[in-house]
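Here is my input; please provide its structure:
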Amino acid sequence: MERALVNLTAATVAFSLLFLLSQSNPPTSPPPTLLLPPPHRGARPSMILPLFPSPKNPSRSFQNTRRHLLKSDSKSSNPNARMRLYDDLLLNGYYTTRLWIGTPPQRFALIVDTGSTVTYVPCATCEQCGRHQDPKFRPESSSTYQSVKCNSDCNCDKSRVQCIYERQYAEMSSSRGVLGEDILSFGNQSELVPQRAVFGCENEETGDLYSQRADGIMGLGRGDLSVVDQLVEKGVISDSFSLCYGGMDIGGGAMVLGGISAPSDMVFTHSDPFRDGNSPYYNIDLKEIHVAGKQLPLDPSIFDEKHGTVLDSGTTYAYLPEAAFVAFKNAIIKELDSLKQIRGPDPNYIDICFSSGSSNVNVSELSKIFPTVELVFGDQKKLLLSPENYLFRHSKVRGSYCLGIFQNEKEPTTLLGGIIVRNTLVTYDREHSKIGFWKTNCSELWERLHRTGGQFPSSSSSGKDNSTVESPTTSAAGGSSRYALPGEIQIGEIRLDMSLSINNSYLKPRINELTDFIAVELEINASQVRLLNFTSEGNSSLVRWAIVPSESSTYISNVTAISIISLLAEHRVKFPVTFGSYKLVQWKVKPNSQQPWRQKHYSTVILSIIIVIIVGLSASAAWVIWRHRQRNINSYKPVHVAVPEQELQPLES
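Residues are numbered from 1 along each chain as shown. Sure, this is the predicted structure:
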């Protein structure tokens with residue numbers, strides 16, 4: 001009995017230790033996406049496409065839109081805007097790019113969204129706007145800003161002075177504001193010079209738009225207010241744009257506004273711009289889905305219901321009609337019958353999740369465990385989906401993955417969100433009514449574009465199996481071939497030691513100017529760049545900088561850190577001649593100090609638990625020994641056994 005009690009005590013304490021250890025890295029809650037809340041517990045929300053109001057004069061408005069799309073006077077020699085993508089689809093719920101508006105330019109982080117048309121940012125006058133990544137747009141500070149006056153082609157405010165816009169989304173968020181016109185700049189790697197364009201200046205936002213970290217939306221859908229349509233109408237770019245989303249572990253990526261020289265093995269499918277009249281969405285001609293080389297038993301017409309098959313960069317996951325989802329789910333489960341199915345990370349949803357059997361499985365090894373999936377288009381061309389294109393990481397069980405494709409409830413539209421095109425260059429060739437797909441490492445694509453002037457090699461030059469995801473490899477300072485960051489930590493500081501070929505006395509009065517210049521070149525806020533110290537080294541100077549998170553964030557993402565380090569290490573930051581030349585001597589990152597209590601006191605917690613276990617076991621052992629001795633003293637003896645005589649006590653009279 002005593003031994004059982006000791007075992008029970010030890011087991012209880014050990015269980016407590018394991019529980020606390022499992023909680024020492026709490027899962028990150030997924031960010032909200034543009035989805036409706038689930039209709040009942042246990043069901044993933046169906047994806048209803050964002051709502052958009054019809055213009056007051058639909059026929060005139062979309063006559064113009066069709067004229068824009070059909071014009072073919074664009075030439076391949078037109079410049080394009082090459083822009084970097086930031087953030088991560090599943091960690092942040094979106095990808096953003098940087099856009100500068102006004103004179104002087106004011107910077108904004110905008111969600112790239114092919115399902116929206118209007119590009120909008122919070123206005124300085126907005127009292128119902130959330131706190132976002134960058135300051136609100138100040139029209140009065142821009143010498144080139146003009147409001148769009150009320151006219152017959154727009155919705156007007158109540159006083160009929162200014163044009164307004166209003167957008168509502170399915171997850172019940174909304175954006176309202178006025179339309180303005182100003183200079184839009186696309187970054188220092190863009191061939192396209194700044195252009196005047198119409199955009200929205202928000203006066204009110206609700207829902208996820210209010211709470212998100214990104215400043216606003218960059219609308220890439222079809223429509224007169226779309227940035228793409230406006231640039232095409234001006235004749236400054238060809239009628240095309242491309243997006244390339246980073247992979248499961250890396251994030252980031254690239255975007256190109258304008259035409260590119262597509263790889264010879266890019267897979268194209270037809271996209272009908274007039275399928276739904278005034279719809280801003282991009283549809284594709286999906287006919288079949290194959291799992292592990294076997295075609296799902298489905299009528300091809302299932303992918304053509306309602307809006308058909310829509311490709312939407314602003315949606316995180318993929319959503320299939322009921323029959324298609326059931327067939328897909330069953331095929332995946334059949335292929336993975338040797339893997340253990342486990343509960344999903346969120347008890348509110350019945351996710352389909354699998355344990356890979358190892359906690360150290362990386363993305364490049366997933367294809368050895370999970371089956372490949374193919375999307376087959378109308379012309380029998382196929383797009384191969386690797387596991388990262390339909391899986392997401394289980395946030396609570398290491399080495400486990402869940403299906404990122406869900407049933408669209410009773411909604412018959414097939415919606416393919418960003419997860420489907422991770423590590424895939426997607427070209428929206430609107431001029432020729434087609435969309436192209438090419439598997440590549442999107443995290444490296446930005447550097448490849450920079451080196452080749454926008455020319456993409458064929459997949460044969462980057463490996464036959466370009467579906468394999470690799471970490472970005474570059475030429476780092478000190479001869480290192482990789483910017484290796486210490487795991488999936490939250491970075492609180494990037495420390496940079498930089499040698500400048502100017503002396504200390506010349507640098508000292510210009511240090512603030514250099515700080516501002518570095519912030520602009522690295523595309524971060526000036527408040528994030530801090531001078532730690534600088535010393536003289538003969539005719540040169542050694543400067544130590546610290547890059548810290550923005551005021552609206554507590555950490556720097558790995559994607560941003562790699563971007564900053566690679567820009568400096570590869571001398572892609574061009575200093576003014578007044579500062580001479582520079583060299584990145586060394587760099588290091590420091591984890592975020594604002595950690596949860598359990599992480600900050602991890603060692604103390606573990607030591608305390610060990611002490612409790614030792615004390616508990618010692619106390620249990622002492623109690624067992626004492627009980628054993630008591631039993632020996634008071635145990636009964638057989639009648640024939642001699643016992644020591646004890647002194648008789650007198651009886652009380």
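
give the contact list for the residue nearest the centre of the chain.
Compute the mean C-alpha point of the chain, and by Cα atoms, centre = their mean the closest residue is Asp88, 1.3 Å away. Asp88 is in contact with 95, 246, 251-252, 557, 559, counting by Cβ atoms under 8 Å, 6 or more residues apart in numbering. In this view, the C-beta of every residue, glycine as well, is placed from N, C-alpha and C.

just the CA coordinates of stretch 400-408, formatted as CSV?
Written as CSV, here are the backbone C-alpha positions of stretch 400-408 (Å, rounded to 0.1, in the frame of the first residue of the first chain):
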residue,chain,number,x,y,z
SER,A,400,1.9,17.3,-36.3
TYR,A,401,0.0,18.9,-39.2
CYS,A,402,-3.6,19.7,-40.1
LEU,A,403,-5.5,20.1,-43.3
GLY,A,404,-5.7,23.7,-44.5
ILE,A,405,-8.5,22.8,-46.9
PHE,A,406,-12.0,23.0,-45.5
GLN,A,407,-15.6,22.5,-46.5
ASN,A,408,-17.3,25.7,-47.7
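
Please name the bridge partners of Leu496.
With DSSP bridges as the criterion, Leu496 is bridged to Trp545, Trp587.

downstream neighbour of the helix or strand bottoming out on mean pLDDT in the chain in the secondary structure list?
Sorting the helices and strands of the chain by mean pLDDT, DSSP states H and E puts helix 58-70 at the bottom, at a mean of 30. Going down the chain from helix 58-70, the next helix or strand is strand 81-85, by DSSP states H and E.

which residues touch the helix or strand that comes right after that following strand?
Using DSSP H and E, the helix or strand that follows strand 81-85 in sequence is helix 89-92. For helix 89-92, the surrounding residues in contact (Cβ under 8 Å, 6+ apart) are 28, 30-31, 95, 213-214, 245, 248, 251, 316, 392-393, 418-419, 422, 557.

what sits up against the very next helix or strand once past helix 89-92?
Using DSSP H and E, the helix or strand that follows helix 89-92 in sequence is strand 96-101. Contacts to strand 96-101, defined as Cβ under 8 Å, 6+ apart, come from residues 83-87, 106-112, 119, 121, 137, 142, 182-187, 194, 199, 214, 218, 255, 523.

still on that earlier bit, please tell me how far the residue nearest to the centre of the chain sits from Ile419.
Relative to Ile419, Asp88 is positioned 11 Å away (Cβ to Cβ, to the nearest Å).

so what pLDDT did Arg3 get?
Note on Arg3: pLDDT of 41.

immediately after the host helix or strand of Phe392, which helix or strand?
Assigned by DSSP H and E, Phe392 belongs to strand 391-393. Remark: after strand 391-393, the chain's next helix or strand is strand 400-403, criterion DSSP H and E.

Pairing partners for that next one, with directions?
Sheet pairing of strand 400-403 (DSSP bridges) gives strand 353-355 (antiparallel), strand 391-393 (antiparallel).

Indicate which one of these is closest to Val615.
When the strands paired with strand 400-403 are compared by Cβ to Cβ, strand 353-355 sits nearest Val615, at 35.6 Å.

elements contacting the very next helix or strand once past that closest one?
Next along the chain after strand 353-355, taking DSSP H and E as the criterion, comes strand 373-377. Packing contacts for strand 373-377, counted by 3 or more Cβ pairs under 8 Å, 6 or more residues apart in numbering; DSSP states H and E, involve strand 267-270, strand 286-291, strand 382-385.

Now the first one: buried residues?
In terms of neighbour count (16 or more other Cβ atoms under 10 Å), strand 267-270 has its buried residues at 267-269.

Could you check how far Leu542 is from Lys306?
63 Å.

out of the two, which sits in the busier spot?
Per other Cβ atoms under 10 Å, whichever of Leu542 and Lys306 has more neighbours is Leu542, with 16 against 12.

What strand or helix carries that one?
Here Leu542, judged by DSSP H and E, is contained in strand 540-547.

other SSEs contacting whichever helix or strand comes after that strand?
For strand 540-547, the succeeding helix or strand toward the C-terminus, using DSSP H and E, is helix 558-569. Other helices and strands packing on helix 558-569, by 3+ Cβ pairs under 8 Å, 6+ apart, are strand 491-500, helix 511-522, strand 582-591.

switch to 7 Å and redo it
The contact analysis (3 or more Cβ pairs under 7 Å, 6 or more residues apart in numbering; DSSP states H and E) places helix 558-569 against strand 491-500, strand 582-591.

List the buried residues of stretch 219-236.
Residues 219-233, 236 are the ones in stretch 219-236 that count as buried (16+ other Cβ under 10 Å).

Can you tell me which of the residues you listed is closest to Ile614?
Of all those, Ile614 sits closest to Leu220, with 61.7 Å by Cβ to Cβ.

Surely the closest one is in contact with Thr114?
Yes: counting by Cβ atoms under 7 Å, Thr114 is a contact partner of Leu220 at 4.7 Å.

show me where the protein has helices.
2-23, 58-70, 89-92, 208-211, 227-233, 322-335, 442-452, 504-507, 511-522, 558-569, 597-600, 602-634 (DSSP state H).

Reformat the buried residues of strand 267-270 as TSV; add pLDDT.
Output for the buried residues of strand 267-270, formatted as TSV (pLDDT from 0 to 100):
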residue	pLDDT
Val267	94
Phe268	95
Thr269	95
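
quick one: Phe406 and Pro321 touch, right?
No: the criterion here is Cβ under 7 Å, and Phe406 misses it with Pro321 at 11.1 Å.

follow-up on the earlier one: would you mind listing which of the contacts of strand 96-101 are buried?
Using 16+ other Cβ under 10 Å as the burial test, those include 83-87, 106-112, 119, 121, 137, 142, 182-187, 194, 199, 214, 218, 255, 523 as buried.

tell me the pLDDT at His132?
Per-residue confidence (pLDDT) for His132: 94.

How about Gly187?
Among the per-residue scores, Gly187 holds a pLDDT of 88.

Against Tyr281, how distant is the residue nearest to Ser271 when sequence neighbours are not counted?
In this structure, Ser271 finds its nearest non-sequential neighbour in Ile435, 4.8 Å apart by Cβ to Cβ, 6 or more residues apart in numbering. From Ile435 across to Tyr281, the span is 12 Å (Cβ to Cβ).

same question, Ser226
Counting by Cβ to Cβ, the gap from Ser226 to Tyr281 is 12 Å.

go on, Pro139?
31 Å.
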